[in-house]
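In: A structural model of the following input is requested.
(2 chains, ligands or ions: 1)
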Amino acid sequence: MTTKMMGAKVQRVEDERLVRGTGRYVDDVALDALHTAVLRSPHAHARIVSIDVDAVLDVEGVHAVWTYDDLEGAMAEPLPLLIPHPTLTQGRTQYALAKDEVNYVGEAIAFVVADDRYIAEDALARIAVEFELLPAVVGVEAAREAANLVHDDVPGNVAARMEQSNGDAAAAIAAAPHTLSLDLKIERSACMPMEGRGTVARWDPDQNRLQVWTSTQTSTGVRAAVAAKLGLDLGQVDVITPDVGGGFGVKIVHPWPEELLVPLAAQKLGRAVKFTEDRREHFISSAHERAQVHHVEVGFDDEGRVLGLDVRFWHDHGAYTPYGLIVPIITSTQLLGPYKPGAYHVQFDSLYTNTVIVTPYRGAGRPQGCFVMERTMDAIAAELGKDRADVRAVNFIQPDEFPYDQGLIFQDGRELKYDSGDYPAMLDKIKELVDWDNFESFREAKAAEGKRVGLGLACYVEGTGVGPYEGAHVHIETSGKVKVATGLTSQGQGHQTAFAQIVADELGVRFEDVEITTGDTRRMAYAVGTFASRAAVMSGSAIHLAAKRAKEKALRIAADALEADIDDLEIVDGVVSVKGTDSSIPLGTIAVLSNPLRYAFDEASKAATQFNVGDPTKPPVAEDDEPGLEGKDFYSPPRSTFASGMHAVIVETDVETAEIRILKYAVVHDCGHLINPMIVEGQIHGGVAQGVGGALYERMAYDESGQLLNASFMDFLMPYVTEVPESIEIDHLETPSPLNPLGIKGAGEAGVIPGSAAFAAAIEDAERLTITAMPISPSELFALRAAQKESK
Amino acid sequence: MKPAPFDYVRPGSLEEALQALAGHPEAKVLAGGQSLVPLLSMRLAAPAVLVDINELPDLDHVNVGADGVRVGALARHAQVLADADVARVQPLVTKALANVAHATIRNRGTTVGSLVHADAAAEMPMVLQLLGGSLDVVGPQGRRTIPVEELYVGPLESSLHHDEIAVEAFFPALAAGTGVAFEEIARRHGDYAMCGVAAVVTVDGERVVAAKAGYLSVSDIPAVVDLTEALDGEMTNASLARAADAALAVLEPETDIHATADYRAHLARVLTARVVSAAYQNAREEQQS
Ligand SMILES: Cc1cc2nc3c(=O)[nH]c(=O)nc-3n(C[C@H](O)[C@H](O)[C@H](O)COP(=O)(O)OP(=O)(O)OC[C@H]3O[C@@H](n4cnc5c(N)ncnc54)[C@H](O)[C@@H]3O)c2cc1C
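Out: Below is the predicted model of the structure:
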């Protein structure tokens, strides 16, 4: 038997390319392309009185300049609202180029195509726009006050109000022996992939078709959008996703204005056209996330068991709602984490503000939900004078209660029903990793050195692997090499490696002989995309199923060729043999036999002539068969799988300077069966780094007029390697999912989710003051200390 | 983020470089580009001509003598930082440079360029000010030495004329019985500091005979405060508190998105105590060795 690849720490095959700088990104494609630049609104809220582009026409090297008035047909309609929801009664989306009004700094107003980006930017400087300024609505508070409106026709700035409940929370809280109320806040941040957005398009007049390369998390989504907006048949549009330098959610949004304007320009000008977003543009015209304000009412018993939980929150949705209510719905459902909340009621308002749009960023509403729930657990423990881990433990769903139905509807419109998990075992593991029980003696030892330390814990459950489906196509070539295509895209996660492991195991071929292609609509026209920690579950399962089909066919032909029984066959290193004999046939030869051609092209074909397959009295290709050694299948689950995890962090808060140092960071993670532990740990490392950023560094600093004050990497502080913990201690738990053939759950987003919750708890524990808002900087901690001193 | 159009010259001699500058009122010198290029890319500066001085001969020296350290205009931060003689003759230069940006930026950025750029958040202008150094510049009228007291005239503004090129900076040597120390607090490793302090303390036995501190990011132009009087000869918690009071009476911390004015003032106070006493310790050790 070939060594099992599933569960092995296989080195990522993509690293050679990506780490050595030989990756191929959108900007590396079509070096002959014309370049584009976008005139973006300098104002957060204004009416466009007039736009004068005359001065641009004289600039040498400019090929086109467009404003809204140049758009026709579907291009002149608002961009699609991708995910409608019945409660999103006031959904609004922007136009590819602003029509009459701009609603955030950065909104696209005009589009220039030129020989190069330098000329395109020179041209932008010559466009004269007359604005009539309108008052800007910035932040949740201003949106709620609604003294000014973002959209004239949306009263109260409320895009949607949604409510869910399970039981009578108000009554349960009223009857509870203890109650608490909390106000909790998380600020804005954003994905910040190394590679910004980018699109290249080429119109081929000979074939009458459009080819688009775009840095996206969904090539099939972009394809459908481009075809619809440009009035083309789907069959005329290919969308190819080359290497993508990070997505983290922002690239699931589609179509971006440039993803339509670039193909349109390519078609109209008959030239390849390219848009490469720069960093400032990414700050002011791609998506943000996270800003929410929450109010919690909770009732609990003497043990800390939650009897009733009522959460009301306000979601800062930015200027438009192209991605629907996914983020706040996730907060409202996933904040429950591993707990049984007794009765639960949640209500949120999604509010318009004159800021960049808000769409999912890795974690997608969960970091906020986890922060709310875990702050609540800590508050209960403080109120009762109990150990914080014990309070969590009494609220856990128990291992024998799965599948556990939370009685709510999840973001995919399906039941919020957890498939599997073991939270008590996980708690034991995290306590051991961080030496929970001996922390007080550590604290005393540090105190003796004049140092202040604190310990925080945060638990979460993450719905992963949402449907509706993914597919895969497996093709065994006559060389014995296996070519696999799946439609979702890759942003560096290691799909080429993990998916090849699955194929190698199922087919019995060498890992090195498997090649994976993702995100190319020419190879797989039906696909959804890479988001919601779904790639391994969805495409991994589809690939497994497709490989199984290819294997079934291979064995059928092999049994015929070797005159053996299928059950007596095995495949090792790409060779089918009759167990216990030396009778064998390579898969490549089976591939030749599977295609009853007359021509022998190569050695493989000649080798096949020794075998005799098929029934000479029947057609060469049987009625229900196809030529070729291929397998294709789709995987579509009934609902999501639920991964889980717990993080613990020990911080030191500098007694004098209020600097916050990380002394230890520990993670226990359960994503079911691990395909490749090294990749999962890499995902956790990256997630933790982003969690550190979200908790201690990153925020979008908007001023009251809606200007983003820190739209560069100089002032938007992402952690450097020097700011993330030197080592992250990781332990795994594997409770397999019953919902898919491999027993896997998603792992992509997990690492970031509990960051703010864990750090808030640790800082609170060190400082003995209440933390209700994240992120927190040393300057803010200093202010909290001062306020506490004053109040004493 | 592409610069507006500009002409570019890369002269091979100082004379040609000076001519190029004189020829264009809108010309600008390009050294390591670590401050200028971002300004160009964001179109916050749009000079008509860039005069790249990187090909000029004989300007990449770091000369160390008994009187101090002479740094040529093309010596990179990294080169100065790695020079053991610099660390011996004026250790404050080395201590401060270790806090300038990151290795990749120190490999390109020049120390003289930083001095000309005149940022009150940058380490080296403050260090030059604290040490009482000077900058040699060459212009159409020839070479002149600008003492640091006359160098920094406003926020991000030095007294160099537009048609002058800085060729060499001079950091005086550490005097006998004198110690130095440096510490800064930044949001992230390598960032410009929220506050930073350098100190030079001279002792006679246990007594402090002179003490000065320089401050980062709490003033418009590089700030140096004489603390001799406030310390009143002694190194105690009380005298350090008086020193911090004296400094804060002069400094003007401001609130920005990274830190409030109160917090910066607090850091200035904490760091004054830490750094002045560290410089004192350093001076005592110097004296004993
Ligand atoms: C990410 C990043 C972080 C940084 N962090 C820090 C930090 O923490 N602390 C810090 O001090 N600096 C920091 N810097 C700035 C860095 O130190 C620069 O190298 C330095 O400020 C300027 O030196 P330069 O050689 O790059 O000058 P340039 O960018 O080439 O020029 C800067 C200015 O000085 C003028 N100039 C330069 N040389 C001369 C000369 N010989 N004669 C006349 N005029 C001249 C130029 O015309 C220009 O106006 C950082 C830079 C970056 C990109």
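In: Residue B:146 reaches residue B:161, doesn't it?
Out: No - between residue B:146 and residue B:161 there is no contact, the gap being 10.2 Å when judged by C-beta atoms under 8 Å. (C-beta placed from N, C-alpha, C; glycine too.)
In: okay, those two: which has more neighbours?
Out: residue B:146 (17 against 13; other C-beta atoms under 10 Å in any protein chain shown).
In: I'd like the distance between the more buried one and residue B:129.
Out: Noted for residue B:146: a distance of 12 Å to residue B:129, by C-beta to C-beta, to the nearest Å.
In: Residue A:468 too?
Out: 66 Å.
In: same question, residue A:729
Out: Separation of residue A:729 from residue B:129 (C-beta to C-beta): 46 Å.
In: So between the two, which is more surrounded?
Out: Higher neighbour count among residue A:729 and residue B:129: residue B:129, with 23 against 14, using other C-beta under 10 Å.
In: is it fair to say that one lies in a helix?
Out: Yes - assessed by DSSP: H, G, I helix; E, B strand; the rest coil, residue B:129 belongs to a helix.
In: Pull the contacting residues for the nearest residue to it once chain neighbours are set aside.
Out: Nearest residue to residue B:129, sequence neighbours excluded (C-beta to C-beta, 6 or more residues apart in numbering or on different chains): residue B:222, at 4.3 Å. With contact set as C-beta atoms under 8 Å, 6 or more residues apart in numbering or on different chains, residue B:222 has these partners: B:118, B:120, B:125, B:126, B:128, B:129, B:152, B:214.
In: Nearest to residue B:44, out of the residues you listed: which one, please.
Out: The closest of those to residue B:44 turns out to be residue B:118 (C-beta to C-beta; 15.7 Å).
In: Report the rounded mean pLDDT for the helix or strand hosting residue B:286.
Out: Using DSSP states H and E, residue B:286 sits in helix B:261-288. Helix B:261-288 carries an average pLDDT of 96.
In: Any idea which residue of chain B lies closest to chain A?
Out: Relative to chain A, the nearest point of chain B is residue B:189 (3.6 Å; C-beta to the nearest C-beta).
In: give me the number of residues near that residue?
Out: Per other C-beta under 10 Å, the neighbour tally for residue B:189 reads 12.
In: what sits against residue 30?
Out: Using chain A. A:200, A:202, A:213, A:272, A:274.
In: actually it's chain B I care about, not the one you picked
Out: Residues near residue B:30 by C-beta under 8 Å, 6+ apart: B:36, B:37, B:50, B:51, B:52, B:53, B:54.
In: and with 10 Å instead?
Out: Residue B:30 is in contact with B:6, B:8-10, B:36-37, B:40, B:47, B:49-54, B:113, counting by C-beta atoms under 10 Å, 6 or more residues apart in numbering or on different chains.
In: Give me the distance between it and the ligand.
Out: Using C-beta to the nearest ligand atom, to the nearest Å, residue B:30 is found at 5 Å from the ligand.
In: Identify the bridge partners of that residue.
Out: Using DSSP bridges, the bridge partners assigned to residue B:30 are residue B:52.
In: Roughly how far does it sit from residue B:49?
Out: 10 Å.
In: what sits in contact with each of those two?
Out: Listed as contacting both residue B:30 and residue B:49 by C-beta under 10 Å, 6+ apart are B:6, B:8, B:9.
In: Give me the buried subset of those residues.
Out: Those of the shared contacts of residue B:30 and residue B:49 that meet the buried threshold are B:6, B:9, by 16 or more other C-beta atoms under 10 Å in any protein chain shown.
In: if I look at the residue in the stretch 651-792 of chain A that the ligand sits nearest to, how far off is residue A:242?
Out: Here the stretch 651-792 of chain A gets closest to the ligand at one residue, residue A:714, 6.5 Å apart by C-beta to the nearest ligand atom. If you measure residue A:714 against residue A:242 using C-beta to C-beta, the figure is 29 Å.
In: how many other residues sit next to residue A:613?
Out: So residue A:613, with other C-beta under 10 Å, has 19 neighbours.
In: what ranges do the strands span in chain B?
Out: B:7-9, B:27-30, B:49-52, B:62-65, B:68-72, B:134-139, B:142-147, B:152-154, B:157-158, B:165-172, B:178-186, B:193-204, B:207-216, B:223-226 (DSSP state E).
In: Need the winner for burial among those strands.
Out: Most buried of the strands of chain B by mean neighbour count (mean count of other C-beta atoms under 10 Å in any protein chain shown) is strand B:193-204; its value is a mean of 26.
In: what's that one packed up against?
Out: Judged by 3 or more C-beta pairs under 10 Å, 6 or more residues apart in numbering or on different chains; DSSP states H and E, strand B:193-204 is in contact with helix B:91-97, helix B:123-131, strand B:178-186, strand B:207-216, strand B:223-226, helix B:228-231, helix B:237-250, helix B:261-288.
In: Sheet partners, orientation included, of the fifth one?
Out: Translated: strand B:223-226. Paired neighbours of strand B:223-226 in the sheet (DSSP bridges): strand B:207-216 (antiparallel).
In: quick one: the partner strand to chain centroid distance?
Out: Averaging C-alpha positions (C-alpha atoms, centre = their mean, to the nearest Å) puts strand B:207-216 16 Å from its chain's average.
In: any idea of the angle that strand forms with strand B:178-186?
Out: In terms of direction (axes from the mean of the first three to the mean of the last three C-alpha atoms, to 10 degrees), strand B:207-216 departs from strand B:178-186 by 30 degrees.
In: got the angle for strand B:207-216 vs strand B:193-204?
Out: Using the same axes, to 10 degrees: strand B:207-216 against strand B:193-204 is 160 degrees.
In: mind checking pLDDT for the residue lying closest to residue A:402 once chain neighbours are set aside?
Out: Nearest residue to residue A:402 in three dimensions, chain neighbours excluded: residue A:420, at 5.0 Å (C-beta to C-beta, 6+ apart). On the pLDDT scale, residue A:420 is placed at 96.
In: what's the answer for the one 3 residues further on, then?
Out: Per-residue confidence at residue A:423 stands at 98 (pLDDT).
In: If residue B:172 is in a bridge, with which residues?
Out: According to DSSP bridges, beta-bridge pairing links residue B:172 with residue B:68.
In: Isn't it up against residue B:131?
Out: Yes - counting by C-beta atoms under 10 Å, residue B:172 touches residue B:131, with 5.3 Å between them.
In: what is in contact with the two at once?
Out: Listed as contacting both residue B:172 and residue B:131 by C-beta under 10 Å, 6+ apart are B:68, B:69, B:90.
In: quick check, nearest of these to residue A:371?
Out: residue B:90 (49.3 Å).
In: residues contacting that closest one?
Out: So residue B:90 contacts B:64, B:68, B:69, B:96, B:127, B:131, B:133, B:171, B:172, B:173, B:174, B:180 (C-beta under 10 Å, 6+ apart).
In: Same question for residue B:156.
Out: Shown in contact with residue B:156 (C-beta under 10 Å, 6+ apart): B:35, B:117, B:118, B:119, B:120, B:121, B:122, B:220, B:221.
In: Identify the farthest-apart pair in those.
Out: Comparing the members of those, the greatest separation, given C-beta to C-beta, is between B:35 and B:220, at 17.2 Å.
In: Look at these two and report which has more neighbours.
Out: Remark: of residue B:35 and residue B:220, residue B:35 carries more neighbours, 19 against 13, as counted by other C-beta under 10 Å.
In: Does that one touch residue B:117 like I think?
Out: Yes - taking contacts as C-beta under 10 Å, residue B:35 lies within contact range of residue B:117: 5.0 Å.
In: what's the overlap in contacts for those two?
Out: With C-beta under 10 Å, 6+ apart, residue B:35 and residue B:117 have common neighbours B:109, B:110, B:156.
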